[in-house]
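Peer 1: pasting the sequence and the predicted model now:
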Amino acid sequence: MIESERDDVDPFATRAGKGTEPGQLHVVLVLSAASGGVGAHVRSLAQGLVAHGVAVTVCAPGGTDALFGFSRTGARFHLVDITPTSGARSDATAIGELRRAFTGADIVHAHGLRAGLLADLALRTAGRFPGLRPETPLVVTSHHAMLATGLDRRLQRLMERRVARAADLVLGASSDLVARARELGATDARLGPVAAPPMPAGGLDRSAARAALLRGSAEDGRPVVLAVGRLVQQKSFGLLLDAVRYGLGDGDPLVVIAGEGPEEDALRERIAAEKLPVELLGYRTDVPDLLAAADLVVVSSRWEARSLVVQEAMRAGVPVVSTAVGGVPELVGEAAVLVPYGDPAALAGAVRELLADPARRDALTAAGRLQAETWPDEAATVAQVLSTYDELVQRT
């Protein structure tokens, strides 16, 4: 009888990895380059798992540990350069590093398509390496919808199908991602919400935050509309600029966008050419202060799972106008204003109406805080993930 089949054996007591104690669960978290919600989620997960006594190894490209502080959670950081696109040499190197990191692992948990694909390839060849076992359960969290077109879309669909069918469990950050995984052939796909980590307290009150942002008097009544996110196609900041052209109401509203990314130059050129009342703030670490200054937050994305900025805004009591995409409707319920994606007139109209209606903004503020109380927090998210690990190890 193999060890895992014996009733008197703790399923977590097998395959002790390097640096782990006998009986200690060893989990390897894998992600590619990340600068936003995925990295924050993995850090939160690593910290929570370590607090539960789990030995955690985080595999990621260089720079992510400095950005997210995985090592400061008590996890071991293993450098694996998972590139955004496939390459024979880079993938082979990454797979080799993953094999080393997976030695002694009880669970491998990959975040995203590329991480999931390379983790599966590393496990499939594990039988030839001491300490590695191909039956080590693979969990893949799907954080994003695949939005590519043409040939790239077909290639991504093939990779999606491969990963969905290879994983012992797919966790989708929103219900549409769970449905997608099942459509692609996942044997087990479940909702795995991603909680927004608590924001640190801001350093400024509303008056001081507005004065700093508007570079003027604290009594300046100019409305402030805030958007936050990577300057990439998915976030559709061009749609927000289209909405600004329709006009956002009286009082000369100022739109400020916090974030950096590959679309920054194109957005900046358009703002200047069209003389739009929009400022690009670049990368900011003072989002709590920006929220304190804002009259409302706008999300113009083509797709979102459980938008972190929506969660942060509603917890902070800032009304939200968002496109009705992905997991946003189930996240916000009736506590935000939703508009169809791709309709700048509707987006502008929703912002304009909300800025002109303080009572409606107050109602959304109250509703948003109540809605936020229904979301799983970081502790609940970690407990849910840990229970799935227990189930998979028992099954193995």
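Peer 2: The structure has been received and is ready for your questions. Residues are numbered from 1 along each chain as shown.

Peer 1: only C-alpha atoms for contact and neighbour calcs from this point on.
Peer 2: Fine.

Peer 1: and for E21, the neighbour number?
Peer 2: 13 (other CA atoms under 10 Å).

Peer 1: same for the helix or strand of the chain at the bottom of the mean pLDDT ranking, what does it pack against?
Peer 2: Here the helix or strand of the chain ranked lowest by mean pLDDT, DSSP states H and E is helix 150-166, holding a mean of 84. Identification of packing neighbours for helix 150-166 by 3 or more CA pairs under 8 Å, 6 or more residues apart in numbering; DSSP states H and E yields helix 113-124, helix 175-183.

Peer 1: show me what counts as buried in it.
Peer 2: Residues Q156, M159, E160, R161, R162, V163, A164, R165, A166 are the ones in helix 150-166 that count as buried (16 or more other CA atoms under 10 Å).

Peer 1: strands along the stretch 151-300 of the chain, start to end?
Peer 2: 169-172, 189-191, 224-228, 254-258, 278-282, 296-299 (DSSP state E, counting those that start in this stretch).

Peer 1: let me have those in JSON lines, extended by mean pLDDT, distance to L239 and mean neighbour count.
Peer 2: JSON lines is the format used below for these (pLDDT from 0 to 100; distance: least, CA to CA, whole Å; neighbours: other CA atoms under 10 Å):
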{"stretch": "strand 169-172", "mean pLDDT": "96", "distance to L239": "27", "mean neighbour count": "26"}
{"stretch": "strand 189-191", "mean pLDDT": "96", "distance to L239": "29", "mean neighbour count": "20"}
{"stretch": "strand 224-228", "mean pLDDT": "97", "distance to L239": "12", "mean neighbour count": "24"}
{"stretch": "strand 254-258", "mean pLDDT": "97", "distance to L239": "13", "mean neighbour count": "22"}
{"stretch": "strand 278-282", "mean pLDDT": "97", "distance to L239": "13", "mean neighbour count": "17"}
{"stretch": "strand 296-299", "mean pLDDT": "98", "distance to L239": "10", "mean neighbour count": "25"}
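
Peer 1: any chance of those in a markdown table, with distance to T125 too?
Peer 2: Putting the strands of the stretch 151-300 of the chain into a markdown table (distance: least, CA to CA, whole Å) gives the following:
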| stretch | distance to T125 |
| --- | --- |
| strand 169-172 | 19 |
| strand 189-191 | 24 |
| strand 224-228 | 42 |
| strand 254-258 | 43 |
| strand 278-282 | 43 |
| strand 296-299 | 43 |
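
Peer 1: could I get the least confident helix or strand of the chain in PDB with only the CA atoms?
Peer 2: What follows is helix 150-166 as a C-alpha-only set of coordinates in PDB (Å, rounded to 0.1, in the frame of the first residue of the first chain):
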ATOM      1  CA  GLY A 150      -6.600  37.000 -34.700                       C
ATOM      2  CA  LEU A 151      -3.800  34.400 -34.600                       C
ATOM      3  CA  ASP A 152      -2.900  35.400 -31.100                       C
ATOM      4  CA  ARG A 153      -6.400  34.600 -29.900                       C
ATOM      5  CA  ARG A 154      -6.300  31.100 -31.500                       C
ATOM      6  CA  LEU A 155      -2.900  30.400 -29.800                       C
ATOM      7  CA  GLN A 156      -4.200  31.700 -26.500                       C
ATOM      8  CA  ARG A 157      -7.200  29.500 -26.700                       C
ATOM      9  CA  LEU A 158      -5.000  26.400 -27.300                       C
ATOM     10  CA  MET A 159      -3.000  27.300 -24.200                       C
ATOM     11  CA  GLU A 160      -6.100  28.000 -22.200                       C
ATOM     12  CA  ARG A 161      -7.500  24.600 -23.100                       C
ATOM     13  CA  ARG A 162      -4.200  22.900 -22.300                       C
ATOM     14  CA  VAL A 163      -4.000  24.500 -18.900                       C
ATOM     15  CA  ALA A 164      -7.600  24.100 -18.000                       C
ATOM     16  CA  ARG A 165      -7.500  20.300 -18.700                       C
ATOM     17  CA  ALA A 166      -4.100  19.800 -17.000                       C
END
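
Peer 1: which residues make contact with it from outside it?
Peer 2: Here helix 150-166 makes contact (CA atoms under 8 Å, 6 or more residues apart in numbering) with 113, 116-117, 120, 138, 140, 146-148, 170, 181-182, 184-187.

Peer 1: go with 6 Å
Peer 2: With contact meaning CA atoms under 6 Å, 6 or more residues apart in numbering, helix 150-166 is reached by L117, A181, L184, G185, A186.

Peer 1: go on, stretch 230-238?
Peer 2: By CA under 6 Å, 6+ apart, stretch 230-238 touches G259, E260, G261, E263, S300, S301, R302.

Peer 1: swap in stretch 171-186?
Peer 2: For stretch 171-186, the surrounding residues in contact (CA under 6 Å, 6+ apart) are 141-143, 161, 164-165, 189-194, 305, 327.

Peer 1: start to end distance for it?
Peer 2: The first and last residues of stretch 171-186 sit 10 Å apart, counting by CA to CA, to the nearest Å.

Peer 1: centre of the chain to it, how far?
Peer 2: 16 Å (CA atoms, centre = their mean, to the nearest Å).

Peer 1: then stretch 273-283?
Peer 2: 25 Å.
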